[in-house]
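# Structure for the following, please:
(2 chains)
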2 protein chains.
Amino acid sequence: MNKIYIIGVGLIGGSMALDIKGLESNTHVFGIDTNNNHIKYALQLELIESEATYEALYDADLVVLAIPVDKAVIELPKILDHISDTTLVLDVGSTKLPICDAVKTHPKRRNFLATHPIAGTEFSGPKAAIKGLFQGKTNIICEVEKTAFKLQEKALKLFSDLGMRIRYMNPEAHDKHIAYVSHLSHISSFMLGKTVIEKEKNERDIFDMAGSGFESTVRLAKSSPAMWTPIFKQNKINVIETLNEYINNLKQFKTFMESDDFDEIYNEMENTNHIKDILNGIQS
Amino acid sequence: MNKIYIIGVGLIGGSMALDIKGLESNTHVFGIDTNNNHIKYALQLELIESEATYEALYDADLVVLAIPVDKAVIELPKILDHISDTTLVLDVGSTKLPICDAVKTHPKRRNFLATHPIAGTEFSGPKAAIKGLFQGKTNIICEVEKTAFKLQEKALKLFSDLGMRIRYMNPEAHDKHIAYVSHLSHISSFMLGKTVIEKEKNERDIFDMAGSGFESTVRLAKSSPAMWTPIFKQNKINVIETLNEYINNLKQFKTFMESDDFDEIYNEMENTNHIKDILNGIQS
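Sure thing, here's the model as predicted:
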């Protein structure tokens, strides 16, 4: 694969461009982005070598679609309209059912592979792109059986070269579980930030008291609203379910406190300490 | 100051011992702990040089009280009973009103300085102690006017040597604000961990999908229940207030989602993005 088209040269698309460029010597990376500043920075930062348009996609070996998920479901069918029979198209979005639905009857469905690399930072845009972002991370692949064998092979070789481990899942299961381990974390972090900022209006000194624990829990509240709003919209049912469970757990914790049941407060925390082993599992 | 007594040789006490030892060549650090294993490890790891008892405290230049806050309010009066007129006693607890109250009429009140170094990790015990933990961190001092001038001076010299910046605050304000920037973060993290673990009972695969964002938001859920239960108990009123506000913000976010008001969802996140500047302020 040496003609690579990155659609959306932000954190994920840009980081993928950087890693792919390093794999083969004769690779040429093209960028497509509706934001002219993104193209400008992507060229300056050498994430991409040239700007391109959809008209050039017939010549692509690989197309990586890395734009907000509401835009992705609209653009993917158009992209498939432009490619050749041998082009592989990947998306990298945080919801998988809507994008699989959007192309399920498309004549070029077999050229598309739905993926979700579990990698990123709280930053966005081309300046946030970093080398090695995908090394050691998980990539979730959905509906692999709907992609042509040869293109599956090309994709798996690429992910292996990027250092990723693969998990296969159907889009429904992906969207349900990712709501717990990713989408809910973002909401809890945003609302924690909001709660503390509301307080700060009158008490400027409060943030002098914040330490690394606060910083860690609100880190995700720096994330891009333009990226996350459509994710929450597309995964509304699952996200609301996780929010209900989270709010109920917080209410129960509060009830234990109000009734001075600190034995239960202790138990709640001790039972959750087990997250240590789970997180160790993530890192290994 | 060369005779240092650390009461509670865990993360904070042990880390302070390590830093204080490096300051003067003729320093001798003694440890007091009800947990024999802690003393054993503290000796092995060379956090302390000898074990001691309260009977030796008359000879101390400095006593650092670094035990759970429910134990601290009981032990501090006994410690003050044992020290000499020139001994400085510091506590490092995460609540300040109860400890100030516990000694307000004690004849040796002027030998005590109430402090809260905003430093730590999610780990605990002597093995968690690390050098340089306090470097660049904030130390909140309460009721400084109730401590003898000479001992204030000794304490400020010590904090300066450890690389800390000082903020003065009354205990009521400390306990109210720390509930927002520290205690609430811990509860949000514990309950997030709980919500996801409950799900995991039936779905073992879910944690394969967790990335660094999840890890960052649940990091504090590894914290010690023995340390945190008494903090929540002592700061009950303030913590319940923060929980009410946090739960209300989460409920409102859910209501916006349920009514498909994704413009408001966008606004909620965009308004909170401003946390970036605040966090940059913390780090500088």
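# and A:Tyr168, backbone torsions?
phi -100, psi 140 (degrees, to the nearest 10).
# Pull out the buried residues from stretch A:249-266.
Within stretch A:249-266, the residues that qualify as buried are A:Asn249, A:Leu250, A:Phe253, A:Lys254, A:Phe256, A:Met257, A:Phe262, A:Glu264, A:Ile265, A:Tyr266, counting by 16 or more other C-beta atoms under 10 Å in any protein chain shown. From N, CA and C alone the C-beta is placed, and that goes for glycine too.
# What average pLDDT does it get?
Confidence for stretch A:249-266, expressed as mean pLDDT, is 98.
# cool, and stretch A:88-99?
Averaging pLDDT along stretch A:88-99 yields 98.
# Next one: that stretch, is it in contact with chain B?
No: with C-beta under 8 Å from any C-beta of the partner chain as the measure, stretch A:88-99 is seen stopping short of chain B, the closest distance being 10.4 Å.
# can you check stretch A:211-218 too?
Yes: shown here: stretch A:211-218 in contact with chain B (C-beta under 8 Å from any C-beta) through A:Gly211, A:Ser212, A:Gly213, A:Phe214, A:Glu215, A:Ser216, A:Thr217, A:Val218.
# Tell me which other helices or strands the one helix or strand the fourth one maps to touches.
Under the criterion of DSSP states H and E, A:Phe214 resides in helix A:212-218. Secondary-structure packing of helix A:212-218 (3 or more C-beta pairs under 8 Å, 6 or more residues apart in numbering or on different chains; DSSP states H and E): helix A:184-200, helix B:184-200, helix B:212-218, helix B:275-283.
# Turn the ones you listed into TSV, including mean pLDDT and distance to A:Asp19.
As requested, these are arranged in TSV below (pLDDT from 0 to 100; distance: least, C-beta to C-beta, whole Å):
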stretch	mean pLDDT	distance to A:Asp19
helix A:184-200	92	25
helix B:184-200	93	30
helix B:212-218	90	17
helix B:275-283	69	27
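# Can I get those helices in a markdown table including distance to B:Leu88?
As requested, the helices and strands packed on helix A:212-218 are arranged in a markdown table below (distance: least, C-beta to C-beta, whole Å):
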| stretch | distance to B:Leu88 |
| --- | --- |
| helix A:184-200 | 34 |
| helix B:184-200 | 30 |
| helix B:212-218 | 38 |
| helix B:275-283 | 29 |
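# closest to B:Pro126 out of those helices?
With respect to B:Pro126, and counting by C-beta to C-beta, the nearest of the helices and strands packed on helix A:212-218 is helix B:184-200 at 21.8 Å.
# how about stretch A:124-142: buried residues?
With burial defined by 16+ other C-beta under 10 Å, the residues of stretch A:124-142 counted as buried are A:124-129, A:133-134, A:137-142.
# What segments of the stretch 151-284 of chain A are helices?
With helices called from DSSP state H, counting those that start in this stretch, the stretch 151-284 of chain A shows them at A:171-178, A:184-200, A:212-218, A:225-234, A:236-258, A:262-273, A:275-283.
# Just give the closest residue to the closest residue to chain B within the stretch 1-150 of chain A, not the sequence neighbours.
Nearest residue of the stretch 1-150 of chain A to chain B, counting by C-beta to the nearest C-beta: A:Ile118, 4.1 Å away. For A:Ile118, the nearest residue in space outside its immediate sequence neighbours is B:Gly211; the separation is 4.1 Å by C-beta to C-beta, 6 or more residues apart in numbering or on different chains.
# Isn't the one you found up against A:Thr138?
Yes: in this structure, B:Gly211 is within contact of A:Thr138 by C-beta atoms under 8 Å, at 7.5 Å.
# residues shared between the contacts of those two?
Common contact partners of B:Gly211 and A:Thr138 (C-beta atoms under 8 Å, 6 or more residues apart in numbering or on different chains): A:Ile118.
# that older thread, most surrounded residue in the residues of stretch A:211-218 next to chain B?
Neighbour count (other C-beta atoms under 10 Å in any protein chain shown) singles out A:Val218 as the most crowded of the residues of stretch A:211-218 next to chain B, with 31 neighbours.
# what's near enough to touch the residue lying closest to that residue once chain neighbours are set aside?
The shortest distance from A:Val218 to any non-neighbouring residue, by C-beta to C-beta, 6+ apart, is to A:Gly193 (4.5 Å). Going by C-beta under 8 Å, 6+ apart, A:Gly193 touches A:Val218, A:Ala221, B:Thr272, B:Ile275.
# Make a markdown table out of those and add distance to B:Ser188.
A markdown table is the format used below for the contacts of A:Gly193 (distance: C-beta to C-beta, whole Å):
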| residue | distance to B:Ser188 |
| --- | --- |
| A:Val218 | 9 |
| A:Ala221 | 11 |
| B:Thr272 | 14 |
| B:Ile275 | 14 |
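# re earlier: who's in contact with the residue nearest to A:Ile118?
Residues counted as contacts of B:Gly211 (C-beta under 8 Å, 6+ apart) are A:Ile118, A:Ala119, A:Gly120, A:Lys137, A:Thr138, A:Val181, A:Ser182, A:Ile282.
# So what touches the helix holding A:Phe214?
Applying C-beta under 8 Å, 6+ apart, the external contacts of helix A:212-218 come out as A:188-189, A:192-193, A:196, B:120-122, B:181-182, B:185-186, B:188-189, B:216-217, B:219-220, B:275, B:279, B:282-283.
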